[in-house]
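>>> After the sequence you'll find the predicted model.
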Amino acid sequence: MWFWEADSIEYEIFKQYERALVAIGVNFALEEVQDALENCSANLENAFRRTIEYVLWLQENQREIFPNAILIRALQEQWQPIAWRDEYLEIPMLQSPGQRWWNASAKMWGKELRNRLVADVFYDNGQEFIKFTNGKELVVETAWRWEWERVLKYANSSTNSL
């Protein structure tokens, strides 16, 4: 599902909005979504922002939401945001479980320890993972089920144990 080079502007924009778009229900594994992304030649960020704005409006007005179709149209028709605010990305409903886990881990362990133990929180094939600096990975849903002490032990352990 790599649409752009990892060091490209498009990829950076995608990563900035990916979690919020997944949180509202966009499925990047769908062929139609991938085609729309690959064919988008301009205004990528505007399309992402307008998609998020529109879904928030639909939800507020208790309307039916089809996030994949909305994103596809926004990309194809190069929709422009109407009243975008960067604070939208901090709304809890737009945070993925991994983002919520990342924030909660700072509260539980402190930012310094979290930053020393956690290398990344990332998506792979529609599932969100935590990559620890010891080389181990853990599915975010599993991390939420485990107690914080167990995750901490896992993150501190060498790759040969557990």
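Yep, that arrived.
>>> where along the chain do the helices fall?
With DSSP state H, the ranges of helices along the chain come out as 9-23, 31-39, 44-60, 67-76, 97-109, 111-117, 140-145, 148-156.
>>> name the helices or strands packed onto the second one?
Okay, so that is helix 31-39. helix 67-76 (3 or more Cβ pairs under 8 Å, 6 or more residues apart in numbering; DSSP states H and E). Yep, even glycine has a C-beta here, placed from its N, CA and C like the rest.
>>> quick one, what contacts the nearest residue to Glu141 once chain neighbours are set aside?
Counting by Cβ to Cβ, 6 or more residues apart in numbering, Glu141 lies nearest to Pro97, which is 6.7 Å off, once chain neighbours are set aside. Counting by Cβ atoms under 8 Å, 6 or more residues apart in numbering, Pro97 touches 128, 140-141, 144.
>>> Setting aside sequence neighbours, what's the nearest residue to the most centrally placed residue in the chain?
For the chain, the residue nearest the mean C-alpha position is Arg19 (1.7 Å; Cα atoms, centre = their mean). The shortest distance from Arg19 to any non-neighbouring residue, by Cβ to Cβ, 6+ apart, is to Ser96 (4.2 Å).
>>> and the residue nearest to the centre of the chain, what is it in contact with?
Neighbours of Arg19 in contact, by Cβ under 8 Å, 6+ apart: 94-96, 98-99.
>>> Tell me the one among those nearest to Leu37.
Ranked by distance to Leu37 (Cβ to Cβ), those are led by Ser96 at 18.3 Å.
>>> what sits against that closest one?
19-20, 22-23, 128, 140.
>>> How many residues are close by Trp109?
Around Trp109 sit 18 other residues, with neighbours defined as other Cβ atoms under 10 Å.
>>> and if you look at Lys136?
Lys136: 16 neighbours (other Cβ under 10 Å).
>>> which one among the contacts of Ser96 gets closest to Ala106?
Val140 (15.1 Å).
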